[in-house]
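**Student:** how does the following fold in three dimensions:
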Amino acid sequence: MAKTTIDASTAPNDLVSYYVPRGEANDEDVFVALNGKSYLLRRGSTVRIPRAVYDILMESRHREEVRDARRRLLAQDAAKREVYVR
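**Tutor:** Numbering: from 1, shown residues only. You can find the predicted model right below:
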């Protein structure tokens, strides 16, 4: 597995725009902490955040997608086994 490194030494002016999507299950704000600084991002809005915070959010999204893909595969495998058991 490739290791992601986050460069927290980016200049304060290195900001990126990010749309914080609304959650399916909840609409709570998104909390991100990096090097002692906290960010609370309102869902459903576009925010300007440091690139390092953006990288954390992208890594989190990627991990969620991998987790969801694995769950789908496990569910498909379980469904196939159930068919053969009968």
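**Student:** pull out the buried positions in the lowest-mean-pLDDT helix or strand in the chain.
**Tutor:** Lowest mean confidence among the helices and strands of the chain (mean pLDDT, DSSP states H and E): helix 51-85, at a mean of 88. The neighbour-count criterion (16 or more other C-beta atoms under 10 Å) identifies 51, 52, 53, 54, 55, 56, 57 as the buried residues of helix 51-85. All C-beta atoms are positioned from the backbone trio N, CA, C, and that covers glycine.
**Student:** hmm, residue 39 and the third one touching each other?
**Tutor:** Yes - Residue 53 sits in contact with residue 39 when judged by C-beta atoms under 8 Å, with a separation of 5.6 Å.
**Student:** and the least confident helix or strand of the chain, what does it pack onto?
**Tutor:** strand 15-20, strand 30-34 (3 or more C-beta pairs under 8 Å, 6 or more residues apart in numbering; DSSP states H and E).
**Student:** distance between the longest one and the chain's centre?
**Tutor:** Right, the one you point to is strand 15-20. Strand 15-20 sits 13 Å away from the centroid of its parent chain (C-alpha atoms, centre = their mean, to the nearest Å).
**Student:** is the closest residue to residue 21 other than its chain neighbours in a helix, a strand, or coil?
**Tutor:** Nearest residue to residue 21 in three dimensions, chain neighbours excluded: residue 43, at 6.9 Å (C-beta to C-beta, 6 or more residues apart in numbering). Following DSSP: H, G, I helix; E, B strand; the rest coil, the label given to residue 43 is coil.
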